[in-house]
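In: Got a predicted model here, sequence first, then my questions.
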Amino acid sequence: MAYWATKIGYFSICLLVVTVYGLLLAATIARTMAKVQGRIGIPYWQPFLDIIKNLGKRTAISHGVMFFLGPVFRIAGGIGTLAFVPVLYGSEMFGNFTFAGDLLLAVYFVFFGQLGMALGAGESGHPYSAIGVARGLGQMTAFEVPFALAIISIVIQYDTLSIGQITAAQQGGFEHWTLFTNPLATVAAMIAFLGMTGYSPFDVVLAPNEIPIGPPTEFHSSYLALMATNQAIFAAAKLVLFMDLFFGGATNLIELVIKTWAIYMVAVVVGAAFPRFRVDQSIRFFLKVPTLIGIASVFFVQTLLVH
Amino acid sequence: MIHKDQSLGPLPNEGLSPEERDLFSNARPTLYEPYPLEVVEKFVNWVRANSLWMLGFGTGCGAIELNPLMTSRFDVYRLGFQPRPTPRQSSVFMIGGYSSVKTLKRIVRSYEQMQGPKFVVALGICPVNGGMYWDSYNTINKIDLYIPVDLYITGCMPRPEVLLAGVLELKKKIKEGRADGANRYVENFDWYKANQKRIIKDWNMPDYNW
């Protein structure tokens, strides 16, 4: 009993730290983009104010049970991803609920939130929500292929389904990182990561100015506050997952901040440089080169590393 | 708390056909109560003033002056002010100039879909008294008769500097708790509805767009 109380207490601290970090990361990226455009940009605390403002709205309407459950599923997806990914390698406080098969569960949770959101947005009845959901699920199905192939590849490589053990195998110098021992899987997963973050060229789901922000069009007040909180948690959890799997994990918070920031900047730089894909273009893109890279990485580990 | 107007019963929704009436809410809007603790209300008002999400309604030429606000020269983002594409999530409704009879219907719908507390800012001279369109057959003269305006930024057209000053003024009003146009709308709901229906002839929507 005391064990679980400690675990849950530690996870609450971890969740708080990750939420604050995710919100600060979003503000930092927005400020960086503003500097590129010659602006000052939003204050660092703007995401926090937006969430409090949305919680402080005096009215909220509901379109039904699923509309209410959509953001709840979404945040369950974010917290669930975080719960089974060890944030710091070797740390008891930031170790979370890691266990032998946590990789499968974490990968499942990455996509769980979007499915829940699709149901919630569907019930809102807004046509733009339906278009956004259709695009989002289409694109998700496509970038899941290279991502799943990359996961299969590293599972064969390390012969384990535990994120903790995969991170442990990468300790002892950067030449042990998956980035260098299995570069093909890393490349395939990072291209899938571009699709997951929803930055341009894969931002056709939210598509501001085209279908006014897509699935969350009808969500407001506390629903939106919940989704904004989840966005921070989920972004940070995904970054931690990628860091653990491909970039050697982190042993302290400073290393965590530097590595996750660098991984996030990949998506930001690509997003700043490329225009938006249409959804059929992005699906074709994911199913061609990244999928071939993923298949190649599976062959690579199967033939060269294992035998 | 139940507003006194609740005693007037549900809205008739006479603009809808009988089979459509079941699909829409007929509840009246209610007054927005402040938080019981004054310090909480003051804090939340400060947050509201620093997180203004704007729904730009580009009805007229004034909307062209909104765009420079987002660029590097004026950069309104640093004041916590940013555009938002959907009325559900916005708190500031910017009427970008004159409003024709046709757009008034959309203005009313969009305004009612916004979640309170909500603030209306009208740009230019046209929403004040009609401006150069004061005798036009299809342009309304005074927007305040149809939705409650919290702040006018007048001029033909108001320069971005004036808009920035207007944003700061709106923030001041919100912090002091004086931007209560949404409550005025609820208190004088029947009067506003009568005014709207006098102008909008093809009223085929519910009496309040929840």
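Out: Sure, I can see it.
In: from the middle of its chain, how far away would the worst-scoring helix or strand of chain B on mean pLDDT be?
Out: Among the helices and strands of chain B, helix B:18-21 carries the lowest confidence by mean pLDDT, DSSP states H and E, at a mean of 85. Its chain's C-alpha centre and that of helix B:18-21 lie 28 Å apart, by C-alpha atoms, centre = their mean, to the nearest Å.
In: Just the residues contacting that helix, thanks.
Out: residue B:13 (C-beta atoms under 8 Å, 6 or more residues apart in numbering or on different chains). C-beta here means a position set from N, CA and C on the backbone, and glycine is covered the same way.
In: That one: what's the following helix or strand?
Out: Using DSSP states H and E, the helix or strand that follows helix B:18-21 towards the C-terminus is helix B:38-50.
In: so residue A:41 sits right up against residue A:26, yeah?
Out: No: in this structure, residue A:41 is not within contact of residue A:26 by C-beta atoms under 8 Å, at 11.7 Å.
In: Would you mind finding the longest helix in chain B?
Out: Longest helix of chain B, by residue count under DSSP state H: helix B:160-175.
In: Can you name the residues in contact with the following helix or strand past that one?
Out: Later in the chain than helix B:160-175, the nearest helix or strand by DSSP H and E is helix B:181-187. Helix B:181-187 is contacted from outside by B:3, B:5, B:28-32, B:116-120, B:147-150, B:192, using C-beta under 8 Å, 6+ apart.
In: Dump the next helix or strand after helix B:181-187 to CSV, restricted to CA.
Out: Sequence order places helix B:189-199 as the next helix or strand after helix B:181-187, per DSSP H and E. What follows is helix B:189-199, C-alpha atoms only, in CSV (Å, rounded to 0.1, in the frame of the first residue of the first chain):
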residue,chain,number,x,y,z
PHE,B,189,-32.8,40.9,-23.8
ASP,B,190,-36.3,41.5,-25.1
TRP,B,191,-35.4,45.0,-26.2
TYR,B,192,-32.4,43.9,-28.1
LYS,B,193,-34.4,41.1,-29.7
ALA,B,194,-37.1,43.5,-30.8
ASN,B,195,-34.5,45.8,-32.4
GLN,B,196,-32.9,42.8,-34.2
LYS,B,197,-36.1,41.5,-35.5
ARG,B,198,-37.2,44.9,-36.8
ILE,B,199,-34.1,44.8,-39.1
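In: which helices and strands sit right next to helix B:189-199?
Out: The contact analysis (3 or more C-beta pairs under 8 Å, 6 or more residues apart in numbering or on different chains; DSSP states H and E) places helix B:189-199 against helix B:101-113.
In: Pull out the buried positions in the helix it packs on.
Out: By 16 or more other C-beta atoms under 10 Å in any protein chain shown, the buried positions in helix B:101-113 come out as B:103, B:104, B:105, B:107, B:108, B:110, B:111, B:112, B:113.
In: neighbouring contacts of it?
Out: B:29, B:55, B:57, B:59, B:87-88, B:93, B:95, B:99, B:118, B:120, B:138-140, B:143, B:146-147, B:196, B:199-200, B:202, B:205, B:208-210.
In: Just the buried ones among those, please.
Out: Judged by 16+ other C-beta under 10 Å, buried ones among the contacts of helix B:101-113: B:29, B:55, B:57, B:59, B:87-88, B:93, B:95, B:99, B:118, B:120, B:139-140, B:143, B:146-147, B:196, B:200, B:205, B:208.
In: Could you verify my assumption that residue A:142 touches residue A:282?
Out: Yes: with contact defined as C-beta under 8 Å, residue A:142 counts as touching residue A:282 (6.7 Å).
In: Which neighbours do these two have in common?
Out: Counting by C-beta under 8 Å, 6+ apart, the residues touching both residue A:142 and residue A:282 are residue A:195.
In: For chain B, what lies in contact range of chain A?
Out: Residues of chain B lying close to chain A (C-beta under 8 Å from any C-beta of the partner chain) are B:32-33, B:44, B:47-48, B:50-51, B:53, B:71-72, B:75, B:77-78, B:80, B:82, B:85-86, B:88-89, B:91, B:115-117, B:210.
In: Buried among the residues you listed? Need that as a selection in ChimeraX.
Out: Remark: buried members of the residues of chain B next to chain A, expressed as a ChimeraX selection using 16+ other C-beta under 10 Å:
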select /B:32,44,47,48,50,51,53,75,77,80,82,85,86,88,89,91,115,116,117
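In: show me where pLDDT drops low in chain B?
Out: B:1-7 (pLDDT under 70).
In: mind listing what whichever residue of the stretch 101-250 of chain A sits closest to chain B touches?
Out: Residue nearest to chain B within the stretch 101-250 of chain A: residue A:212 (3.3 Å; C-beta to the nearest C-beta). Neighbouring residues of residue A:212 by C-beta under 8 Å, 6+ apart: A:128, B:85, B:86.
In: so of these, which ones are in helices?
Out: Helix and strand membership here follows DSSP H; of the contacts of residue A:212, those in helices are residue A:128.
In: which parts of the stretch 101-250 of chain A sit against chain B?
Out: Going by C-beta under 8 Å from any C-beta, the residues of the stretch 101-250 of chain A near chain B are A:208, A:209, A:212, A:213, A:216, A:217, A:218, A:219, A:220, A:221, A:224.
In: State the number of residues packed around residue 170.
Out: Using chain A. 25 (other C-beta atoms under 10 Å in any protein chain shown).
In: you looked at the wrong chain, it should be chain B
Out: For residue B:170, the count of nearby residues is 21 (other C-beta under 10 Å).
In: That one and chain A, how far apart?
Out: 14 Å (C-beta to the nearest C-beta, to the nearest Å).
In: Now the phi/psi pair for the residue nearest to that residue when sequence neighbours are not counted, please.
Out: Nearest non-adjacent residue to residue B:170, counting by C-beta to C-beta, 6 or more residues apart in numbering or on different chains: residue B:151, 5.1 Å away. Per-residue torsions, residue B:151: phi -150, psi 130 (degrees, to the nearest 10).
In: For residue B:203, list the residues it contacts.
Out: B:15, B:197.
In: Give me the three-state assignment for it.
Out: Three-state assignment for residue B:203 (DSSP: H, G, I helix; E, B strand; the rest coil): coil.
In: Same question for the one 4 residues further on.
Out: The assignment at residue B:207 comes out as coil when based on three-state DSSP.
In: Look at it and say how many residues are nearby.
Out: 23.
In: wait, what's in contact with it?
Out: B:11, B:12, B:13, B:14, B:15, B:26, B:193 are the contacts of residue B:207 under C-beta under 8 Å, 6+ apart.
In: So which of those residues sit within strands?
Out: With DSSP state E as the criterion, strands contain none of those.
In: Appreciated, that's everything.
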